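J.: how would this look folded up:
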Amino acid sequence: MKSVDLHVHSNKSDGTLAPSDLVHLALSKGLAAFALTDHDTTEGIDEAVGAASAARARGADIEVIPGIEFSTEYEGKDIHIVGIDIDHKSNAFQTYLKDFQDSRDNRNRKMCVKLAEHGVDITYEQLCAEYPGRVLTRAHYAKYLLEHGYVKSMPEAFDRYIGDRAPCFLPREKVTPSQAVSLILESGGIPILAHPILYHMSDARLDKLVATLKDAGLVGIEAIYSTYNHAEERQIRKLASKYDLCISGGSDFHGDTKPGLELGNGYGKLFVPYEVLEKLRQHSQSD
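T.: Below you'll find the predicted structure:
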């Protein structure tokens with residue numbers, strides 16, 4: 001049975017592999033398709049699509065699905081909305097991303113100033129030079145602090161400097177989950193609520209979020225995910241059924257940033273059948 005991975009990151013956000021390298025890895029894993037869903041950027045899509053096209057010309061069978069993962073905020077929680085099959089070249093979509101990235105850049109500059117005030121030799125320009133062409137996330141700050149000897153581990157970087165309650169953290173401008181769903185729909189894409197178990201919400205609060213997003217046009221919910229146990233997968237499948245949502249699934253692969261988590265099969269047991277992608281597309285087209 002053919003399998004897919006609908007949640008994958010490259011080094012254009014906080015992954016470690018280039019988009020073209022992801023294509024070669026996907027082929028080695030026997031995947032029929034994967035969605036490149038970098039955080040708040042579509043910069044890697046053309047490279048990945050080009051590599052997949054070249055591979056197919058050599059007789060390989062691989063599809064790259066243009067996607068994105070939006071960081072949004074809901075009642076103080078960081079909620080992620082994945083979009084797949086997006087028109088990443090849409091002018092309106094790219095205009096929104098540019099505005100969003102500008103606000104992210106302003107926040108990153110201010111965080112660098114705060115880190116410098118706490119004894120770290122860092123500027124925004126230094127950070128960009130260290131990780132060129134990336135959409136900078138807190139994972140990059142943590143890696144910088146680790147590699148420059150300010151901490152002994154990535155978790156320590158969050159605890160001491162950049163975690164939500166740490167002295168150098170600054171929140172950034174975020175859209176709401178419903179706004180992200182609308183943006184994905186406007187780009188012709190399929191909006192999916194990513195890894196809901198990770199938000200550690202009560203059942204009632206998660207139900208309220210899903211109901212709100214269903215009204216906004218949500219199509220899918222991530223029910224197959226690398227860290228879920230059987231009970232958690234059943235819980236999300238039940239929620240999908242309650243709100244007539246398709247299930248989605250993905251590894252949330254980041255490369256070396258998440259050691260032991262592999263493309264396609266997560267921590268070893270993940271399997272997302274190709275029919276999951278087919279049903280998402282059918283459901284989207286019927287709406």
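J.: how far away is Ile122 from Tyr144?
T.: Applying C-beta to C-beta, to the nearest Å, one obtains 7 Å for the distance of Ile122 from Tyr144. C-beta here means a position set from N, CA and C on the backbone, and glycine is covered the same way.
J.: ok, now Cys168?
T.: Going from Cys168 to Tyr144 by C-beta to C-beta gives 12 Å.
J.: A helix includes Gln101, no?
T.: Yes: according to DSSP: H, G, I helix; E, B strand; the rest coil, Gln101 belongs to a helix.
J.: pretty sure it contacts Arg134?
T.: No: counting by C-beta atoms under 8 Å, Arg134 is not a contact partner of Gln101; they are 11.5 Å apart.
J.: On the three-state scheme, the spatially most central residue of the chain is what?
T.: Within the chain, one residue has its C-alpha closest to the average C-alpha position: by C-alpha atoms, centre = their mean, that is Glu69, at 3.9 Å. Each residue gets one of three states, and Glu69 gets strand by three-state DSSP.
J.: Give me the below-cutoff pLDDT ranges for the chain.
T.: Counting by pLDDT under 70, the chain has low-confidence residues at 287.
J.: at 80 instead, please
T.: 100-101, 133, 135, 172-174, 284-287 (pLDDT under 80).
J.: So between Gln101 and Arg134, which is more surrounded?
T.: The neighbour count for Gln101 versus Arg134, taken as other C-beta atoms under 10 Å, is higher for Arg134 (21 against 15).
J.: And the helices in the protein, which stretches?
T.: The residue ranges that make up the helices of the chain, judged by DSSP state H, are 19-29, 45-57, 91-117, 124-130, 138-147, 154-157, 177-186, 203-216, 230-242, 274-286.
J.: Any idea which of these gets closest to Ala223?
T.: Closest approach to Ala223 among the helices of the chain (C-beta to C-beta): helix 230-242, 4.0 Å.
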